[in-house]
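Engineer: Quick one: sequence plus predicted model below, questions after.
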Amino acid sequence: MNDRMNFEPSRATWHMLFYKEALRFSRVGFQTVAAPVITALLYLLIFSHVLESRVSVFDGRVSYTAFLVPGLIMMSVLQNAFANTSSSLIQSKVVGNMIFFLLAPITPWGFFLAYMLAGVLRGVVVGIGVWLAALYFAPDLWRPVAPGWILAFGSLGGAILAMLGIIAGLWSEKFDQLATFQNFIILPLTFLSGVFYSVHSLPDFWFKVSHLNPFFYMIDGFRYGFLGVSDISPWLSLAIVGMVCAVLTWGTWALIARGWKLRI
C-alpha cells in the first residue's frame, strides 16, 4: 500500500472518493436510509406498546418510550455507519474495482478519511430520520437537554463503527465472512448495550459484564444528551469512547497504510 499510495496528498482526490461513497448510499436511499428508519420504528412500536406500563427506568423519572427512543437512534447510527464502510469495501474487492482506488494519487490517510466520514454521514442521516419519526411517540424529545453530548457521542460512535466496518471489509474476502463479523460481533454488542433496558435492572454479574462493552458507553452518553439522566457519568463514557476511537483510528490507518488485504 505504501508503494501505491505514497503520492503527494491530493485533497480533491479524497474528496471525490468521499463524494463517491456518499453518492453510493444516497442513490439507493430507500434501502440504505428509509428501511433502517422503518426497522427502528417497528422496534419502537413493539417494545413501547408491550413494556411502557411494565418497565420503570431511572426510578420513574423518564417514561420507557422516552428512554427507548435515544437508544434506537444511536443503534441506527452505529449499525448504518458500520454497514456503509464494510459493504462498500467488500463490494469493491469482489467486483475488482479496488485497483482504481489504489492507483489514484491518494494517501492512506485520505483513503481512511473518505470511507470513515461517508460511514458517519450515513449513520447520522439515518439517526436524524429515526429521531424525526419517533417524535410522534415522544414529542418531548424535540428539544434535547444537552445537544452537545448528542453531537459528541453520535460523531464518535459513528466514527468507531465506520472504522470497524473498514476493518471488517478489509478482513472479509467474501460476503459470508462479512455477515459473520456483523452477526457475531456487531449485533450482540449493540443489543447488549442497554438500548432496550437500563443496566441497573440486570443481575450483578451481567451488570459488571455490561460495563466491558464499549457500545454501552456510546449509547448511555448519547441518551444523556436527550434526557439529562444516564446510568453512569457522561464524562466517564466520553473518556472511554474517546480512547476507543483514538486506538481504532491508529489501528485502521495502519492497516490501510500496509495495504492489508486490500485485494482478494
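Structural biologist: Sure, I can see it. Numbering: from 1, shown residues only.

Engineer: how close does the nearest residue to Arg61 once chain neighbours are set aside sit to Phe58?
Structural biologist: Closest residue to Arg61 apart from its sequence neighbours, by CB to CB, 6 or more residues apart in numbering: Val229 at 6.3 Å. Where you see a C-beta, it was placed from the backbone N, CA and C, and this is true even at glycine. Look at Val229 and Phe58: by CB to CB, to the nearest Å, they are 5 Å apart.

Engineer: now Ala246
Structural biologist: When Ala246 is compared with Phe58 (using CB to CB), they lie 31 Å apart.

Engineer: what does Ile219 give?
Structural biologist: For Ile219, the distance to Phe58 - CB to CB - is 14 Å.

Engineer: secondary structure class for the residue nearest to Arg61?
Structural biologist: Assigned with DSSP: H, G, I helix; E, B strand; the rest coil, Val229 falls in the coil class.

Engineer: Using CSV, list the CA coordinates for stretch 109-122.
Structural biologist: Output of stretch 109-122 as CSV, limited to C-alpha atoms (Å, rounded to 0.1, in the frame of the first residue of the first chain):
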residue,chain,number,x,y,z
TRP,A,109,-4.9,9.0,5.5
GLY,A,110,-7.1,10.3,2.7
PHE,A,111,-8.4,6.8,1.9
PHE,A,112,-9.2,6.4,5.6
LEU,A,113,-11.0,9.7,5.9
ALA,A,114,-13.1,9.3,2.8
TYR,A,115,-14.6,5.9,3.9
MET,A,116,-14.9,6.8,7.6
LEU,A,117,-16.6,10.1,7.0
ALA,A,118,-19.0,8.6,4.5
GLY,A,119,-20.0,6.0,7.0
VAL,A,120,-20.6,8.6,9.7
LEU,A,121,-22.7,10.6,7.3
ARG,A,122,-25.0,7.7,6.5
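
Engineer: tell me which residues in the helix or strand of the chain with the lowest mean pLDDT are buried?
Structural biologist: Least confident helix or strand, the chain: helix 98-103 with a mean of 76, by mean pLDDT, DSSP states H and E. Residues of helix 98-103 classed as buried: 98, 101-102 (neighbour count, 16 or more other CB atoms under 10 Å).

Engineer: next structured bit after it?
Structural biologist: helix 108-134 (DSSP states H and E).

Engineer: List the buried residues of that following helix.
Structural biologist: 108, 110-131, 133-134.

Engineer: repeat for stretch 25-37
Structural biologist: Quick answer for stretch 25-37 (16+ other CB under 10 Å): 25, 32-33, 36-37.

Engineer: cool, stretch 156-170 as well?
Structural biologist: Buried, per 16+ other CB under 10 Å, within stretch 156-170: 156-170.
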